Structure formats: structure tokens, C-alpha cells
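**Student:** let me see the structure of the following:
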Amino acid sequence: MKTVLLHPMYFGSIAQYAAMSQNDTIIFENHDNYQKQTYRNRTYIYGANGKLLLTIPIKHTGKHGNGKQLYKDVRIENEFQWQSLHWKSIQTAYRTSPFFEYYEDELASLFEKKKDYLLDFNYECMEAVSDCLQLEVNYSKTATFLKEYSDLTDQRNLVNAKKDKLHTLSSYIQVFSEKHGFISNLSILDLLFNEGTNAITYLENQMIH
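**Tutor:** The predicted model follows:
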């Protein structure tokens, strides 16, 4: 049995889903401190002008908003109309992709009700995407935080957007490929809308470090 330890992400990168598809069981880190500028509250899609960042605004706590906070306690800032903005950006980017209409309704529902906690919403996104991919995810959550593990593959580093260059992912046709070329390791949504039912085969064949 192969087990991998991962951070829940906002939709999740393609590398994250490759790790999920290549392991029998998944443990999600549920007890870490929140860190800014990671895939915990951001995802990259492929827009008409290239790589487009979507960020979920969060409520900052502590002195000057820099206080350490557990990921599971982080609340979403709903004063901004981030949900409609993100969904419109996704529609604009992918409405001409081969599989957008197949998954549109299921994913649109994620943006229709206000969300309170970032971690809960990320699990909701993961469940919806796994359903679209027809990826059976056998997962559990950590009960405490440990820096190191000896009996599983620790790929929590995948949450760090700055480590993306470590992964050499195979290219596939993207909506704006002719304009800007292939952009690697975007949100899983990019692979889903462009590859549809072929996405699982693609994920199973990628090398993730």
C-alpha cells in the first residue's frame, strides 16, 4: 500500500492530483500553520493573456495581521465578491475548451454559497474535482502535526508554488497554447477541461518529485 501525505489546496495543482492518483491512500495535513503565497488559497489557470492567479481572500488575525494561525482556523473574507469573480474568470478561460460543458454545472455550485473556512472549502473542491475525474480518493486527515514521517511519502512541499519547476509534466493541448505555448502544472481545472476523461491516464503517467 502506497501512502502519500499532502496539503489540501484550492482546487489543487496537477502535480498534487498526479500524487493522489499514484498512491493507494492519501493523508491530508489538517494541523499545520497557515502560510501565505501557497496553493492553500490560490490556484493558477490559463487565461487569454497567459497564467492567471486566482486568490481566495482570507481574514487576517494577530498583530498587524501576521499572527500565526492554524490552517483549519483560517476564515474566508467574504466582503469581496471573490466567488463570482473566480467563476467568471474560469468561464472566460475555459468555455471554448473541449470538456468545459461536461463539468460546468458541478463546479459552478461550489461558487454559489458563501464559505466560512478555507480548509473546509478546499476539501469541498477536492471532492467535486475527484468526482469529475472519477478518481476514487481514499483519504484521512492527520490528528496532530509532525515535521517528519518515516512510513509514507511526504509530499507536503507540493503546496509551495515556488517549487513548481521541480516537476517535468508532459504537455497537452491547452486553449491558448498557440498564443503562449504550454504552461505546466496549472490548476487541475486546466487538465480537466482540456483532457476530460483522458485526465486520469495523464496523471498516472507523470513524474512528481
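**Student:** low pLDDT regions in the protein?
**Tutor:** Under the criterion pLDDT under 70, the flagged ranges of the chain are 62-67, 164-166.
**Student:** flag every buried residue along the longest helix seen in the chain.
**Tutor:** Looking across the chain with DSSP state H, the single longest helix is helix 118-133. For helix 118-133, burial by neighbour count (16 or more other CB atoms under 10 Å) applies to 118-119, 121-123, 125-126, 128-130, 132-133. In this view, the C-beta of every residue, glycine as well, is placed from N, C-alpha and C.
**Student:** could you do stretch 36-51 as well?
**Tutor:** Of all the residues in stretch 36-51, those buried under the rule 16+ other CB under 10 Å are 38-47.
**Student:** and which of those is nearest to F11?
**Tutor:** Nearest to F11, judged by CB to CB, of those is T43 at 4.7 Å.
**Student:** okay, now the nearest residue to the closest one once chain neighbours are set aside: neighbour count?
**Tutor:** Nearest non-adjacent residue to T43, counting by CB to CB, 6 or more residues apart in numbering: S187, 4.1 Å away. Counted with other CB atoms under 10 Å, residues neighbouring S187 total 28.
**Student:** what residues are bridge-paired with S187?
**Tutor:** Beta-bridge partners for S187, by DSSP bridges, are S13.
**Student:** coming back round to it: and the buried residues of stretch 36-51, which is closest to E178?
**Tutor:** Checking the buried residues of stretch 36-51 against E178 by CB to CB gives Y46 as the nearest, at 11.9 Å.
**Student:** list the buried residues of the helix or strand that the longest helix of the chain is followed by.
**Tutor:** Next in sequence after helix 118-133, counting helices and strands by DSSP states H and E, comes strand 139-141. For strand 139-141, burial by neighbour count (16+ other CB under 10 Å) applies to Y139.
**Student:** give me the sheet partners of the next helix or strand after strand 139-141 and which way each runs.
**Tutor:** The helix or strand immediately downstream of strand 139-141 is strand 153-154, counting by DSSP H and E. If you go by DSSP bridges, strand 153-154 pairs up with strand 3-6 (parallel).
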